[in-house]
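>>> whatever this is, show me its structure:
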Amino acid sequence: MSTINTWHPDDINLSDMEFWKRPWSEREEAFKVLRSQRPISKYDEPSVEGSVIEVPTGAGYYALTRYRDVAEASRHPEIFLSGPGAVSQMDLPTEMVEYFSGMISTDNPKHARLRRIVSNAFNPRNVRAVEDSIERVADETVSRAATSGTGDFVPDVAAPFPLEIICTMMGVPPSEFATVLHCSNVILAMGDPDIVPEGTDPILAVLEAGATLTGIMEELGKYRIDNPIDDITSALVNAEIESEKLTQQELASFFVLLVTAGNETTRTAIAHALHALSEHPDQKARLSADYEGLAKTATDEIVRWASPVIWMRRTLAVDHTLSGFDLKAGDKVLLFYNSANRDEEAFEDPFVFDVGRTPNDHYGFGAPGPHFCLGAHLARREITVIWRKLLQQYPDITSTGAPSQLASSFVNGIKKLPYSF
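Next up, the predicted model:
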């Protein structure tokens, strides 16, 4: 396979896990080549090995790597469907799609119904309670981490902080926090051997993790029907809009989505922030000197830079021509948000980390459309608060070694990141 600066489009295989194990700089160079030479390119679907569950291999998928193409696909959900599956290149059984991705793998009218019910649960009073908890959990997280003065930033700060907020928000007891974290890691690990050990059936591991999370939420949901308190789960199970309520399965699917998408992506952005600020001390000094003035732009630049979710899938409902390229009904396309967030046509100096970047219409939370991230406000708030605490209390915080990349094409994760205060 080619090395950096010598990529040829024919040498780039986005379905090859070896590609996703390469350093970020090499991957970004490959996407730069694709955007300029082959912006809509086709790949075979990755094969699933070592599983007793057979996953049929389909006809492959097209990669959309330009900002404008990702935007058009996102703005036309009637053409680019989510229902057949949003988080897998392969066509999985319908039950499995609904089980693991719930609302993001639905189309209207079902999607509108689910989003309406869920949005209602995030009413102003509940949102205020969540935001109050962010400040408290940030203080506690930073205080715990500071006791040693050095360690691994991911388990010390980036992972426990958003996990505790989401679990508290849903009313999950602290005794289950570690289980929720482990299960969400397994679901999003894409078989990374550090998380799903070699010799383990990767699909069975994901199914078992999903079943564990579902069990936690089903038990909690049933209890909250008769014993409601001020948490999101109580609001969800008792929410009724135009005589519509969430089913137990829909509640469980939403929880799986929340603890994977809501927890994993925020933690990824927080970890990437430490790496980026350490690599760009001028930007760190600039942010520290005027945090309140730059908090909003810095948070969005962190999300753009990290691009926590690398892609989402859509399936063509009808034949459609996109930027002169003919797609057919049934074709699968992957919207590569990471590539869109480095598109030279959309961003000035996209490979520069700039905490004051404006405008910054990035796709770190997805592109505009009905599937734009429901938790974008919460994620921004979490990133802003935790980095305010860290830079105010420990302005010399820095990474002390190279980050360990998650071997995944879906989540731009960091497994380990040594640091010191």
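>>> all strands for the stretch 101-250 of the chain, in order.
Ranges of strands within the stretch 101-250 of the chain are 150-152, based on DSSP state E, counting those that start in this stretch.
>>> residues near V172, how many?
Residue neighbour count, defined by other Cβ atoms under 10 Å, stands at 23 for V172. C-beta: built from backbone N, CA, C; applies to glycine.
>>> mind listing what it touches?
Counting by Cβ atoms under 8 Å, 6 or more residues apart in numbering, V172 touches 180, 216, 220.
>>> what backbone torsions are found at it?
Phi and psi for V172, reported as degrees, to the nearest 10, are phi -80, psi 130.
>>> pLDDT value on it, please?
V172 is assigned 90 on the pLDDT scale.
>>> ok, now how distant is it from L406?
Distance of V172 to L406, computed by Cβ to Cβ, to the nearest Å: 24 Å.
>>> same deal with H182?
In terms of Cβ to Cβ, H182 sits 15 Å off from L406.
>>> one more: I12?
I12 is 20 Å from L406, where distance means Cβ to Cβ.
>>> and if you look at H371?
The gap separating H371 from L406 is 23 Å, by Cβ to Cβ.
>>> try L181
Distance, L181 to L406, using Cβ to Cβ: 14 Å.
>>> those two: which has the busier surroundings?
Comparing L181 with L406 by other Cβ under 10 Å, the one with more neighbours is L406, at 24 against 20.
>>> pLDDT value on that one, please?
For L406, the model assigns a pLDDT of 93.
>>> go on, N238?
For N238, the pLDDT comes out at 80.
>>> any idea how far the closest residue to it other than its chain neighbours lies from M170?
In space, and not counting its chain neighbours, N238 is closest to P228: 5.8 Å by Cβ to Cβ, 6 or more residues apart in numbering. Distance, P228 to M170, using Cβ to Cβ: 13 Å.
>>> quick one, which of the two is more surrounded?
The neighbour count for P228 versus M170, taken as other Cβ under 10 Å, is higher for M170 (23 against 14).
>>> list the contacts of the more buried one.
217, 220, 231-233, 255, 258.
>>> rewinding a little: let's have the contacts of V172 in CSV, adding neighbour count and distance to G58.
Output for the contacts of V172, formatted as CSV (neighbours: other Cβ atoms under 10 Å; distance: Cβ to Cβ, whole Å):
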residue, neighbour count, distance to G58
V180, 24, 32
I216, 22, 33
L220, 21, 37
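>>> helices - which of these land there?
If you go by DSSP state H, these have 180, 216, 220 in helices.
>>> surely the first one meets I165?
No - between V180 and I165 there is no contact, the gap being 11.9 Å when judged by Cβ atoms under 8 Å.
>>> point out where this structure drops to low pLDDT.
The chain contains residues with pLDDT under 70 at 1-5, 50-52, 94-95, 98-101, 123, 191, 240-243.
>>> name the residue most distant from the centre of this structure?
Residue farthest from the centre of the chain, counting by Cα atoms, centre = their mean, is D226 at 33.2 Å.
>>> got a list of contacts for the strand or helix carrying V385?
Using DSSP states H and E, V385 sits within helix 376-393. Contact with helix 376-393 is made by 130-131, 134-135, 138-139, 141-142, 146, 157, 161-162, 165, 262, 265-266, 269-270, 273, 284, 287-288, 291, 295-296, 298-300, 302-303, 365, 373, 397, as judged by Cβ under 8 Å, 6+ apart.
>>> any of the residues you listed buried? List them.
Buried members of those, scored by 16 or more other Cβ atoms under 10 Å, are 130, 134, 138, 141-142, 157, 161-162, 165, 262, 265-266, 269-270, 273, 284, 287-288, 291, 295, 298-300, 302-303, 365, 373, 397.
>>> for stretch 244-254, list the C-alpha coordinates in PDB.
Extracted C-alpha coordinates of stretch 244-254, given in PDB (Å, rounded to 0.1, in the frame of the first residue of the first chain):
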ATOM      1  CA  GLU A 244     -48.100   8.000  21.100                       C
ATOM      2  CA  LYS A 245     -45.500   6.500  23.500                       C
ATOM      3  CA  LEU A 246     -42.200   4.800  23.100                       C
ATOM      4  CA  THR A 247     -42.300   1.000  23.200                       C
ATOM      5  CA  GLN A 248     -39.900  -0.900  25.500                       C
ATOM      6  CA  GLN A 249     -37.900  -1.900  22.500                       C
ATOM      7  CA  GLU A 250     -37.700   1.700  21.300                       C
ATOM      8  CA  LEU A 251     -36.600   2.900  24.700                       C
ATOM      9  CA  ALA A 252     -33.900   0.300  24.900                       C
ATOM     10  CA  SER A 253     -32.700   1.100  21.400                       C
ATOM     11  CA  PHE A 254     -32.600   4.800  22.300                       C
END
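>>> how much space separates the closest residue in space to F325 that isn't next to it in sequence from A340?
Excluding the flanking residues, the one nearest F325 by Cβ to Cβ, 6+ apart is I40, at 4.6 Å. Noted for I40: a distance of 13 Å to A340, by Cβ to Cβ.
>>> the two: which is more packed in?
Set I40 next to A340 and count neighbours by other Cβ under 10 Å: A340 wins out with 30 against 18.
>>> my read: the more buried one touches Y67, true?
Yes - counting by Cβ under 8 Å, A340 touches Y67, with 4.2 Å between them.
>>> tally of neighbours for the residue nearest to D343 when sequence neighbours are not counted?
Counting by Cβ to Cβ, 6+ apart, D343 lies nearest to Y67, which is 3.9 Å off, once chain neighbours are set aside. When neighbours are counted by other Cβ under 10 Å, Y67 registers 24.
>>> check contacts around Y67.
340-341, 343, 345-346, 363.
>>> returning to that earlier point: which residues are common contacts for I40 and A340?
Counting by Cβ under 8 Å, 6+ apart, the common neighbours of I40 and A340 are T65.
>>> quick check: buried residues in stretch 29-44?
Using 16+ other Cβ under 10 Å as the test for burial, stretch 29-44 gives 29-35, 39-41, 43.
>>> ok, now stretch 206-213?
Across stretch 206-213, burial judged by 16+ other Cβ under 10 Å covers 206-207, 209-210, 212-213.
>>> please report how far E279 lies from A402.
Distance from E279 to A402, by Cβ to Cβ: 10 Å.
>>> and K328, by the same measure?
According to Cβ to Cβ, K328 stands 43 Å off from A402.
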